[in-house]
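Asks: give me a 3D structure for the following:
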Amino acid sequence: MAEKFPADRFDQVPDDLERVGAHRAPRPRGYGWVWVAWCAGAVVVIVGIGALGIFAINGTLNVDLPFQHSASATPTPTSTPTPTITPAVNPALNLMVLNGTDTAGLAADATTTLKAAGWEKITPANASSTDVKTTTVYYSDTKNLAAAMAVSKELADAPLQETQDFAASGADITVVIGADYKPTHQ
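Replies: The predicted model follows:
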């Protein structure tokens with residue numbers, strides 16, 4: 001229980017006094033604007049620290065703003081040179097040559113052409129479809145692009161396509177012979 005203290009002059013509150021509590025004074029006019037000023041100052045400090053962080057990371061304070069339309073605001077793009085891929089025969093890769101036409105022997109003819117170019121592991125077969133119009137070289141891994149380009153070069157620059165459609169066959173590169181193929185060994 002709270003102790004009782006003897007009454008003193010602070011216990012007697014005049015009737016004309018409208019405040020509650022002995023040490024709480026009314027807030028001065030415009031007191032809320034002090035908090036707004038403090039918050040604005042904090043925002044300025046935080047944005048300044050962020051700008052210094054961007055400068056420390058990028059070495060510059062350039063920030064592309066989406067609403068700038070002047071020609072001087074558009075940065076000049078720098079081109080990154082793309083590496084040139086040179087076609088290269090890789091005899092260690094497995095090739096599959098599929099005849100996608102009604103003409104018999106086209107897969108064997110393409111196999112002979114590729115063996116003459118240095119390819120060793122080639123499996124000729126018939127495709128499940130016989131209405132293929134364009135001879136196409138398929139590869140499933142980007143690392144085999146140079147080898148696929150070498151195969152394409154031997155087959156009259158057949159178009160290349162990266163796909164996973166033939167990955168289950170175990171072949172690194174698959175050639176589907178189309179109606180546009182011109183036999184060279186028949």
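
Asks: going forward, measure contacts and count neighbours with C-alpha atoms only.
Replies: Will do.

Asks: what's the following helix or strand after the longest helix along the chain?
Replies: What stands out as the longest helix in the chain, according to DSSP state H, is helix 31-58. Using DSSP states H and E, the helix or strand that follows helix 31-58 in sequence is strand 94-99.

Asks: the longest helix of the chain - what's its average pLDDT?
Replies: Regarding helix 31-58, the rounded mean pLDDT is 87.

Asks: ok, now stretch 92-105?
Replies: Mean pLDDT, stretch 92-105: 92.

Asks: show me how far the longest helix of the chain is from its chain's centre.
Replies: Relative to the chain's own centre, helix 31-58 is displaced by 33 Å; criterion: Cα atoms, centre = their mean, to the nearest Å.

Asks: mind listing what's buried along it?
Replies: Of all the residues in helix 31-58, not one is buried under the rule 16 or more other Cα atoms under 10 Å.

Asks: determine the set of other helices and strands touching that helix.
Replies: The contact analysis (3 or more Cα pairs under 8 Å, 6 or more residues apart in numbering; DSSP states H and E) places helix 31-58 against no helix or strand.

Asks: pLDDT below threshold where in this protein?
Replies: Scanning the chain with the threshold set as pLDDT under 70 gives 1-2, 17-26, 59-76, 185-186.

Asks: which residue ranges make up the domains of it?
Replies: Here the domain assignment for the chain is 32-63, 94-177, based on automatic domain parsing.

Asks: adding distance to Ala7, write these out as TSV.
Replies: Output for the domains of the chain, formatted as TSV (distance: least, Cα to Cα, whole Å):
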stretch	distance to Ala7
domain 32-63	37
domain 94-177	93
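
Asks: single out the most deeply packed of those.
Replies: Stretch with highest mean neighbour count among the domains of the chain: domain 94-177 (a mean of 19; mean count of other Cα atoms under 10 Å).

Asks: from the chain's centroid, how far away is that domain?
Replies: Computed by Cα atoms, centre = their mean, the chain-centroid distance of domain 94-177 equals 30 Å.

Asks: mind checking the end-to-end distance for it?
Replies: Domain 94-177 has an end-to-end distance of 17 Å (Cα to Cα, to the nearest Å).

Asks: next one: stretch 86-106
Replies: Stretch 86-106 stretches 27 Å from its first residue to its last (Cα to Cα).

Asks: how far does it sit from the chain's center?
Replies: Its chain's C-alpha centre and that of stretch 86-106 lie 33 Å apart, by Cα atoms, centre = their mean.

Asks: pretty sure Thr111 is in contact with Val97, am I right?
Replies: Yes - using Cα atoms under 8 Å, Thr111 is in contact with Val97, at 6.9 Å.

Asks: list residues touching both of the two?
Replies: Overlap of the contact sets of Thr111 and Val97 (by Cα atoms under 8 Å, 6 or more residues apart in numbering) consists of 122-124.

Asks: so which of those are in strands?
Replies: In this view, those that belong to strands under DSSP state E are 122-124.
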